[in-house]
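**Q** Sequence below, structure please.
(3 chains)
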Amino acid sequence: MGVGNLPMNVELKHIHKHFGKVHANNDIVLNVPSGTIQGILGENGAGKSTLMKVLSGFIQADSGEILLDGHPVTIHSPADAIQHGIGMLHQDPLDFPPMRALDNFLLGHSGGLFPDRKAVARDFKRLAAQFDFSLDPDSYVDSLTVGERQQLEILRLLWLGARVLILDEPTTGISAIQKAKLFETLRKLTAQGMTVIFVSHKLEDVEVLCHTVAVLRAGKLVGEVKAPFQTKKLVELMFGKEISLGARQAAGPGRSVLELRGVAIEDIRLRMSDINLSVRGGEVIGLAGMEGSGQGPFIRACAGLMRTVGGRVLVNDRDLTGKSYHAFKRNGVSFLPASRLEEGLVPGLTLTEHFVLSEETKGLFIDREGGRKLAEDRISSFNIRGTPLSTVESLSGGNQQRALLALLQDPLSLILLEHPTRGLDIESTIYIWNKLKERCKQGAAIIFISSDLEEILQYSDRVLVFFSGKVSSPLDASKTTVEQLGNLIGGKGWESLKTEKAHG
Amino acid sequence: MVRSNRWVNLGFQLAALVLALLFTTLILLAAGAPPFDAYANILRGAFGSMINFTDVLAAWVPLLLTTAGLLITFAAGLWNIGVEGQIMLGAIFTTWVLRELQDTSMPPALIITLGILAGMIGGALWAMLAGALKTFGGVNEIFGGLGLNFVATALTLWLIFGPWKRPGVASMSGTVPFDDKLALPAFTGLRLSPWALGIAMIAIVIVYLLLQGTYFGLRLKAVGKNPKAAFLLGIPTWQYMMFSFVLCGLFAGAAGAMQVVAVYHRLIPSISSGYGYLGLMVAMLINYQALWAAPIAFFYAALNIGSIQLPIVLHLDSSLSGVLQGMLVLFVLLVEGARQRLMKKA
Amino acid sequence: MRKIILHVALLVVAVALVLSACGPAPLPKATGYTFGMLLVGPYNDQGWSQAHYEAGQYVEQKLGAKMVYIDKVNPADRPGTTASQLAEQLVSQGAKLVIFNSDDMKDEALKFAQAHPDIYVIGSSDDWTWKDGKNYKESPNQTDIMGRMEYGKMIAGCAAALTTQTGQIGYLGPLINDETRRLASSVYLGAKYCWTNYLKKDAKDLKFKVTWIGFWFNIPGVTSDPTQVADDFYNSGYDVVVSGIDTTEASKEAAKFAGQGKKVWAIPYDYVGACEAAPDVCLGVPYFNWGPAYAQVIAAAANGTFKSEFQWNGPDWKDINNKDTSAVGFVKGKALSADASATLDKFIAELAGGLNLWKGPINLQDGSPYLKDGEVATDQQIWYLPQLLQGMEGQSVQP
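**A** As a prediction, the model looks like this:
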């Protein structure tokens, strides 16, 4: 067991899959030889995930064939897939019960009732060392970062004998360092003869990693390209048209909308103190840092969702220290959480109902006609793919994010966002930033968290870096590089930062 | 799409009904009893005469009031198990006002009205306690509610055997019955009061409108389905939860008041008749849709009244109707689970 | 003149009573007569309701009458119904007389009787028709019946006193009212008499404690847990527990303690078969036998001789366990020793011979006089006993 299994070629022949009226996979033919990293590129809803679910046994194709090393196989379930040597790493960081990494590792292992934990622990450590993963087998899974869970899952699949590794949007929600390590690992694996299928909508990831890229659009395979890649060509294949990336606009000096004076924040894990910051209208501030470095509590403290333990918080020159989120909201602050369906939207309610809820209300009874008009209006102006009666959980991730933005009241002084474009395709990302920039022009300031350093540098005017409870002074985004930022969030290069207090 | 879904759902619900009937029939057969005779007798017991039919309606009133209240707390995502105690407190408050005022020269209609209002307030206060335990004490409303139910039962017994004990020997039969003039007027020769019936129907209409048509109802639903998101949307969540408790308490208290002024005319040890738990079953069965509350509560009331015939005529244990009621909820939940799985796959 | 008529009438009644007590006077048949019965609990509850149900079967067999019944007549089991409403259902099935078997239905029984003058009503354990009672209401088509369980309880108390080795008897009481006070006190009177008269011990050395749980059966969270109360008794030296509640926790706990080698006993209540719950620790059970009274009233109703009255029926002292004549009985249990059994028979014989334990001097619990020396309690004094008696430990009134 472990790495060193036989290489394997994967062939997909004429795969069709329908969901109701949607033709999610339409005659897909794909050949992935062993030892390659095959990219699958496409915007959300193009059929990437469906295809991978077919290959990994989660769902069955309506028609078509899967051949492994030339032999046709039928894959009934994920367990079946791993028997055949196909392991899938899921998009969403799977929710594991609070168990130890080693126990999680043992899940799905079919050998005997009482596993030899010592031997398994040895395997675990050997594999981890091989890929330079610093995973403690005794740590609890729920204490791991998304990136670490991913590493754990890769080890587990390899240990179970995977020869084909499918990764569905693996760079979502992990830090730049973890991403670099992941890519290094995948290259190592293919060098040993493994087959890697890398599903993503992120052009830059696919470009640096993959040997070949297959592009899906609306359920069809619209083209295959070999490295080296031309970004323009890929974008064209993905969207069938050219899209230009939005350029950064310099923010004009506005009035101060948020001022932090010597603020201290505390949560179970860390304490940050003496934070000073002044944010002006029209400005965009990016918060960078590895997950759990303090940017979460910080942004929530700016929204009144987390009580500060020291200092003062002023919104539009009004002291709101210790006030609730609703007081902040009344003063023009809005917070959009990262987990859209858990915190941002109400599953089970329609878009119309959401828009009605977000508006000032008059009278006792709901104005249905007005609600419908409002919904139609917002749906078209925010380009949401859905009807006024669509429930929010039926929308795709990008459309949910647009809906969230459409819920923002007008006017606003400060918009706080957690991972505004996580999991979204490039088109949605651009769209959402355009909408946010409009808000900036109207005088709102934006503070956002992102794990995508390029996004931070691209859209921010200033950047705050968080590292285990330390907060940097604001950096000028135009004078900062991805490498510098990467070092800082990893805890390197802090000495060279000036210890100057934040200035406005 | 939406419309066809509704028919599909209805089909599933019917399937659940058929399964529940089938299962109950199997139990009857296993017990060596004639199932069709049993069902026929239940039907006859519920609808066989004007008296029986109006008895069904009389039992429907408090059940519908309770269900109406529960729809509000369910909308807010709360399991108001304490509704049972809220009915009891409603009955206690009503009894209290009637006792205090019965010897005054006030017109009976006014006394009854004040009694009903007091009952509603009593239920609301008790519900508020459950709400406060949840909001400020962090006590889950299920456990808080159960505890408060016990306290309410103890309070009822204490009043009957203590301060409100009848002259002579305190009795399980309850406090001294009120004079006939303090009863809600009933149809001649029947036990059904048109007033009680009217109050129940108005209540369910109010709840339906509240949940379907008002901003308040929509916000309550948002709180119930996702309190975090509702909070971020600017809805004061705990106040809404508290308010939903109070509203439910008002309706449960009204149910308790009806038990006193329209059914038992005194306070008895089990004044709530288990309507709280029955109401929870009805609410689950209708998947919290106010539209269905009236017919399903009526169906349950008919089962309660109709099943009286079973021991008389067939010497059958009448808990059969309880079995059928429970089976229905169970199968509806099971079928709903199956439906969701199937829909996901399709 | 009127006085004479009254005297004659009383004499006739007395003679009739004596006659009916002396020999089982043959009852007229009531073939085809339908009577109804409302049972507060399940018909097979091994307790109060089953005793009534079996009495109904007894009447069917003795008179050839037909019973229709509804059990679990209480608002918790039958939401939205009242006993009078259910009685109407029985009438629609042909019942000409309806038995309301519990104090729970007291008001409903009266209401029903007044609303249906053509139907006869028996209120078991009610006192509406007792002219000398505090609750008398004119209800010509109603007869109320109660058994003089005081005697059964005295015998139970005697059996407890003859058996206890620690001199400590516990009484597991339900809720506190006049009825439960008089029954607990009867146990004490019987125990004290046998303790001092047969065992020749000092009354001061007999400890008798009443613990009320708060209801007729356990309601978790509302009442005290009877299992816990019985445990506390057995753990603190009370080796005999007499139960006054509807369920058999005391017997079960006694069996548990006996299983651990402790010498403890229990006396259940209500139903002739109640010893079966724990036969090896059972000293016996005082029980009601409603059959004879029901048969007599129903026969009268069927034959047009019904008259409204209040019956408070005692045991048939010739044979307290005679199914056809005795309203109250006591069945000895397996755990009663041969010696104690013989002495108990002596006690029963004394009672049969006219021994009255409700005779002064008796003080109430707070020391105030209840009966002067030599004064015999009237039925009213017994029925409406205001406190427990001096020498008994435990609460007298609901706090």
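
**Q** Give me the buried positions along stretch A:274-281.
**A** Buried residues in stretch A:274-281, counted by 16 or more other C-beta atoms under 10 Å in any protein chain shown: A:275-281. Any C-beta I mention is one placed from the backbone N, CA and C, and that applies to glycine too.

**Q** In strands, which of those fall?
**A** Judged by DSSP state E, the buried residues of stretch A:274-281 include A:275-280 as members of strands.

**Q** Can you name the next helix or strand after the helix or strand of chain A with the lowest mean pLDDT?
**A** Least confident helix or strand, chain A: helix A:101-106 with a mean of 74, by mean pLDDT, DSSP states H and E. Where DSSP states H and E defines the elements, the next helix or strand beyond helix A:101-106 is helix A:117-130.

**Q** if we can go back for a sec, which member of the buried residues of stretch A:274-281 is positioned nearest chain C?
**A** Comparing these against chain C with C-beta to the nearest C-beta places A:I275 closest, at 51.3 Å.

**Q** Quick check: closest non-adjacent residue to that closest one.
**A** Nearest non-adjacent residue to A:I275, counting by C-beta to C-beta, 6 or more residues apart in numbering or on different chains: A:V263, 4.5 Å away.

**Q** quick one: the strands in the stretch 101-250 of chain C?
**A** Along the stretch 101-250 of chain C, the segments classed as strands by DSSP state E, counting those that start in this stretch run C:120-124, C:142-147, C:168-173, C:207-212, C:240-243.

**Q** pLDDT wise, what is the closest residue to chain B within the stretch 351-500 of chain A at?
**A** Per C-beta to the nearest C-beta, A:T361 is where the stretch 351-500 of chain A lies closest to chain B, at 4.5 Å. For A:T361, the model assigns a pLDDT of 75.

**Q** Tell me the spacing between it and B:R219.
**A** A:T361 is 9 Å from B:R219, where distance means C-beta to C-beta, to the nearest Å.

**Q** And for C:F257?
**A** From C:F257 to B:R219 the distance is 59 Å (C-beta to C-beta).

**Q** can you check B:L232 too?
**A** Per C-beta to C-beta, B:L232 is found 13 Å from B:R219.

**Q** again, but for A:L41
**A** A:L41 is 42 Å from B:R219, where distance means C-beta to C-beta.

**Q** what does B:I312 give?
**A** Per C-beta to C-beta, B:I312 is found 50 Å from B:R219.

**Q** With C:E138 instead?
**A** On the measure of C-beta to C-beta, C:E138 and B:R219 end up 60 Å apart.

**Q** for A:R280, same thing?
**A** 34 Å.

**Q** Residue of chain C nearest chain B, please.
**A** At 2.6 Å from chain B, C:G80 is the closest residue in chain C, using C-beta to the nearest C-beta.

**Q** Just give the number of residues close to the closest residue to that residue other than its chain neighbours.
**A** Nearest residue to C:G80 in three dimensions, chain neighbours excluded: B:A59, at 2.6 Å (C-beta to C-beta, 6+ apart). The tally of other residues near B:A59 (other C-beta atoms under 10 Å in any protein chain shown) stands at 30.

**Q** And A:L106, by the same measure?
**A** The burial count for A:L106: 17, using other C-beta under 10 Å.

**Q** With neighbour numbers in mind, choose between A:L41 and B:R219.
**A** Neighbour count, other C-beta under 10 Å: between A:L41 and B:R219, A:L41 has more, with 30 against 23.

**Q** who's in contact with the more buried one?
**A** Residues in contact with A:L41, defined by C-beta atoms under 8 Å, 6 or more residues apart in numbering or on different chains, are A:48, A:200-201, A:203, A:206, A:213-216, A:234, A:237-238.

**Q** Which ones among those lie within helices?
**A** Those of the contacts of A:L41 mapping onto helices are A:48, A:203, A:206, A:234, A:237-238, per DSSP state H.

**Q** Save those residues as JSON lines, and put in pLDDT and distance to B:N41 too.
**A** Listed next are the ones in helices among the contacts of A:L41 as JSON lines, based on pLDDT from 0 to 100; distance: C-beta to C-beta, whole Å:
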{"residue": "A:K48", "pLDDT": "84", "distance to B:N41": "62"}
{"residue": "A:L203", "pLDDT": "78", "distance to B:N41": "74"}
{"residue": "A:V206", "pLDDT": "86", "distance to B:N41": "73"}
{"residue": "A:L234", "pLDDT": "81", "distance to B:N41": "75"}
{"residue": "A:L237", "pLDDT": "81", "distance to B:N41": "73"}
{"residue": "A:M238", "pLDDT": "77", "distance to B:N41": "70"}
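
**Q** got TSV for the residues you listed, with distance to A:Q178 and neighbour count too?
**A** Formatted as TSV, those follow (distance: C-beta to C-beta, whole Å; neighbours: other C-beta atoms under 10 Å in any protein chain shown):
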residue	distance to A:Q178	neighbour count
A:K48	22	25
A:L203	20	18
A:V206	18	24
A:L234	24	20
A:L237	28	20
A:M238	25	23
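
**Q** Looking at those residues, which is nearest C:G41?
**A** Proximity of these to C:G41 (C-beta to C-beta) peaks at A:K48, which lies at 66.7 Å.

**Q** what ranges do the helices span in the stretch 401-504 of chain A?
**A** All helices of the stretch 401-504 of chain A, identified by DSSP state H, counting those that start in this stretch, fall at A:426-441, A:453-459, A:482-489.

**Q** Output the last one as PDB, restricted to C-alpha atoms.
**A** The C-alpha trace of helix A:482-489 is given here as PDB (Å, rounded to 0.1, in the frame of the first residue of the first chain):
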ATOM      1  CA  VAL A 482       2.300  38.900  -4.000                       C
ATOM      2  CA  GLU A 483       5.700  37.600  -2.700                       C
ATOM      3  CA  GLN A 484       5.900  40.200   0.000                       C
ATOM      4  CA  LEU A 485       2.400  39.600   1.000                       C
ATOM      5  CA  GLY A 486       2.900  35.800   1.000                       C
ATOM      6  CA  ASN A 487       5.900  36.100   3.200                       C
ATOM      7  CA  LEU A 488       4.100  38.400   5.700                       C
ATOM      8  CA  ILE A 489       1.100  36.100   6.100                       C
END
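
**Q** how far does that helix sit from the chain's center?
**A** Offset of helix A:482-489 from its chain centre (C-alpha atoms, centre = their mean, to the nearest Å): 19 Å.

**Q** Fine by me, thanks again.
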